[in-house]
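[1] Sequence first, then the predicted structure:
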Amino acid sequence: MVNYIWENIFRRNPKDAEVDTVLAENYIFKALSKAELLFVKSLVHYRIYKPGESIFRQGELGVGMYIVVRGNVNITVEDLSAKDELMQDVFVTRLTRGDFFGEIALVEQTGRRTATATAADETILLGFFKPDLAEIIERNPRTGVKILTRLGEVLGRRLKETAERFTEVKRELRELAQPSPDDKT
Amino acid sequence: MTKLESRWRRQHWIQFTVFISILLFATIALFVIDNLLLSFVVAVVCSYIVSPVISYLEGHGFSRIVAIIGVFVVFNVLLVLSIWALSPIVVKQLSALKESLPQYVDATVKVFNSATAMLNSNSGGVFHFDVSDQVKDWLTSKSTQIATSLPGFLSSSASVLVLSPLLVFFILKDGHSISRQILRVVPNSLFELTLSLQSQISDQIGQFIRARLLESAIVGAVVFIGLWIMGIPFSFLLAVIAGVANLIPYIGPIVGAVPGCVIAFADTGFGGQLILVGVVYALGQLIDMIFIIPLLVARIVDLHPVSVILSVILGAKILGVLGMLISIPVASSLKVILVNVYRHLTDDVV
């Protein structure tokens, strides 16, 4: 009996351990100390989604970001030019454990979701939203600065990737528009 | 329906039923237990006042519990000290007021008599009013009622004074985790909207309470200084009445000024002192209207004047004076909910 108590008294809840690991490994929270991570953990929201359940839809007002703890999330965008309704959702990517999405909503005033996120299977997410970020900044500015710096880095990297992709697409379009030497002959 | 889905539904139903039961139980308790509603409102107001201080201390490296205990101790020491310092003045002024009440009743009847006499002579004999007896009876019964209900009021204030600090402590300590527990029962599809609403409402109520209390304190201070310089009796009591009444929009400032004007009239009749007392109250309102309302209150609560009046009337009808005091934050919360839900449903970017 005594052994049972001692074995269990310091045993961590598996759910807690999973959340701790995911938060500590996440790029945005990587610079935080253990105490700061504990503070962030007390603010994030643990949400469970069933397979096929929508997390958010493209065009909806977004309040914050999600981190995948367990399961998979499909990201799709609506192709409004598609005539067939079934073909309207274009698959973009599948996110797995540790991935995060929707972070732009953390810094936008009235940000609309630019894609639709759907749970591919039974999925557990951690939600981190604007009010939570505001609370961190108010109650612990040092932690807030660390998170904001990382968030800025992520957003900057996304912008850079988009700019590179944009240049690539532009070059491809230019190449397509130019007649090839074979066409001339 | 798959096994997983039925498990989900069952879990949600259990969570929802437990939540609704707790909510119902809490609401019934608030209305049934004496002074619990008042203590709760006072506690919410106090927690909104001190929460920025606690956040500030947390931002400077103190743990939340240390910050709460520190603020709680300082707050209670200040409360005890102010009760200790002010209670002799209040008791003295209240007993003096009790003795002088008949004199003020007579003065008020005199005002009514002169007003009705003026009306009767100006109407050329068409109207003939004589309300002095009714006014005198009404005022005498009301003043006796105040005098007899005063001990009861003071004892209920004591229970509020004991209960509220306890509630403040638990709201500050566990408020966040309670709100997170409540958010857990919100379905995923409504979660972001609910979280956003909760945060906006909480911010707005906090700012509103702090602004209104500052407004009342400034009006009360102006009235106290003015009346004290003029040597009007019961200046402290009159300032407290003016400050508290000022929390009620539109009607409050008028109601708050009546006792001071009656006392000035009873002492010197229609004359310079009455005008000066009126000027003091007007000065308090002027400072409020020129500086505090545009700078603080109007920016926080953007309600149409008609909505304000209707909310106050509705609040008075449901909960009396307490309803009048809490009507504006409740109305502005409802406005935030309606605007956001409308925006969410119509995809309207405002």
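    Cool, got the structure. Residues are numbered from 1 along each chain as shown, chains lettered A, B, ... in the order given.
[2] pLDDT on stretch A:175-184, on average?
    For stretch A:175-184, mean pLDDT rounds to 72.
[3] just stretch B:169-183 next, same as before
    On average, stretch B:169-183 scores 86.
[4] Also stretch A:94-104?
    92.
[5] what's the span of it from first residue to last?
    In stretch A:94-104, first residue to last residue: 18 Å (C-alpha to C-alpha, to the nearest Å).
[6] Quick one: the helices in chain A, in order.
    Taking DSSP state H as the criterion, chain A contains helices spanning A:2-9, A:14-25, A:34-41, A:130-139, A:141-177, A:181-184.
[7] The fourth one: which residues count as buried?
    Pointing back at helix A:130-139 there. Residues A:130-133, A:135-137, A:139 are the ones in helix A:130-139 that count as buried (16 or more other C-beta atoms under 10 Å in any protein chain shown). Backbone N, C-alpha and C define where each C-beta goes, glycine included.
[8] That one packs against which elements?
    Here helix A:130-139 touches helix A:34-41, strand A:64-70, helix A:141-177, helix B:36-59, helix B:188-230, going by 3 or more C-beta pairs under 8 Å, 6 or more residues apart in numbering or on different chains; DSSP states H and E.
[9] Throw those into JSON lines and include distance to residue B:323 and mean neighbour count, thanks.
    Listed next are the helices and strands packed on helix A:130-139 as JSON lines, based on distance: least, C-beta to C-beta, whole Å; neighbours: other C-beta atoms under 10 Å in any protein chain shown:
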{"stretch": "helix A:34-41", "distance to residue B:323": "39", "mean neighbour count": "16"}
{"stretch": "strand A:64-70", "distance to residue B:323": "36", "mean neighbour count": "22"}
{"stretch": "helix A:141-177", "distance to residue B:323": "39", "mean neighbour count": "12"}
{"stretch": "helix B:36-59", "distance to residue B:323": "10", "mean neighbour count": "18"}
{"stretch": "helix B:188-230", "distance to residue B:323": "15", "mean neighbour count": "18"}
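[10] number of nearby residues for residue B:266?
    When neighbours are counted by other C-beta atoms under 10 Å in any protein chain shown, residue B:266 registers 19.
[11] give the contact list for it.
    B:100, B:103-104, B:106-107 (C-beta atoms under 8 Å, 6 or more residues apart in numbering or on different chains).
[12] what do you get for residue A:55?
    Counted by C-beta under 8 Å, 6+ apart, residue A:55 has contacts A:49, A:66, A:73, A:117-119, A:125, B:188.
[13] Ok, which of the helices of chain A comes nearest residue B:319?
    Closest to residue B:319 of the helices of chain A, according to C-beta to C-beta: helix A:130-139, at 29.4 Å.
[14] quick one: contacts of that closest one?
    A:39-40, A:43-45, A:63-64, A:105-106, A:143-144, A:147-148, B:55, B:58-59, B:64, B:195-196, B:198-199.
[15] Please state the offset of it from the chain centre?
    18 Å (C-alpha atoms, centre = their mean, to the nearest Å).
[16] Kindly export that helix (C-alpha atoms) in CSV.
    This file holds the C-alpha atoms of helix A:130-139, laid out as CSV (Å, rounded to 0.1, in the frame of the first residue of the first chain):
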residue,chain,number,x,y,z
LYS,A,130,-4.8,36.6,-28.4
PRO,A,131,-6.2,37.1,-24.9
ASP,A,132,-3.7,34.5,-23.6
LEU,A,133,-0.8,36.4,-25.2
ALA,A,134,-2.2,39.7,-23.8
GLU,A,135,-2.3,38.1,-20.4
ILE,A,136,1.3,36.9,-20.6
ILE,A,137,2.5,40.4,-21.7
GLU,A,138,0.6,42.0,-18.8
ARG,A,139,1.5,39.5,-16.1
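[17] Next, the buried residues of whatever helix or strand residue B:275 lives in.
    Per DSSP states H and E: residue B:275 is located in helix B:272-287. Using 16+ other C-beta under 10 Å as the test for burial, helix B:272-287 gives B:273-274, B:276-277, B:280-281, B:284-285, B:287.
[18] Now flag whichever of those is closest to chain A.
    For these, the residue nearest chain A by C-beta to the nearest C-beta is residue B:287; the value is 30.3 Å.
[19] got JSON lines for the buried residues of helix A:130-139, with pLDDT too?
    Converted to JSON lines, these look like this (pLDDT from 0 to 100):
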{"residue": "A:130", "pLDDT": "92"}
{"residue": "A:131", "pLDDT": "91"}
{"residue": "A:132", "pLDDT": "92"}
{"residue": "A:133", "pLDDT": "93"}
{"residue": "A:135", "pLDDT": "90"}
{"residue": "A:136", "pLDDT": "92"}
{"residue": "A:137", "pLDDT": "92"}
{"residue": "A:139", "pLDDT": "88"}
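[20] so which pair among those residues is furthest apart in space?
    Maximum distance among these (C-beta to C-beta): 14.9 Å, for A:130 and A:139.
[21] Which secondary structure element of the chain has the lowest mean pLDDT?
    Went with chain A since none was named. Lowest by mean pLDDT, DSSP states H and E among the helices and strands of chain A is helix A:2-9, with a mean of 56.
[22] let's do chain B instead
    Bottom-ranked secondary element of chain B by mean pLDDT, DSSP H and E: helix B:298-300, a mean of 62.
[23] elements contacting the very next helix or strand once past that one?
    Remark: after helix B:298-300, the chain's next helix or strand is helix B:305-346, criterion DSSP H and E. On a contact count with 3+ C-beta pairs under 8 Å, 6+ apart, helix B:305-346 meets helix B:36-59, helix B:188-230, helix B:251-268.
[24] need the contact list for the residue of chain B found nearest chain A.
    Residue nearest to chain A within chain B: residue B:199 (3.5 Å; C-beta to the nearest C-beta). If you count contacts by C-beta under 8 Å, 6+ apart, residue B:199 has them with A:130-131, A:134.
[25] ok, 7 Å please
    residue A:131 (C-beta atoms under 7 Å, 6 or more residues apart in numbering or on different chains).
[26] Look up how far residue A:136 lies from it.
    Residue B:199 sits 13 Å away from residue A:136, taking C-beta to C-beta, to the nearest Å as the criterion.
[27] Now do the SS call for the nearest residue to residue B:220 once chain neighbours are set aside.
    In space, and not counting its chain neighbours, residue B:220 is closest to residue B:243: 2.8 Å by C-beta to C-beta, 6 or more residues apart in numbering or on different chains. Assigned state for residue B:243: helix (three-state reduction, DSSP: H, G, I helix; E, B strand; the rest coil).
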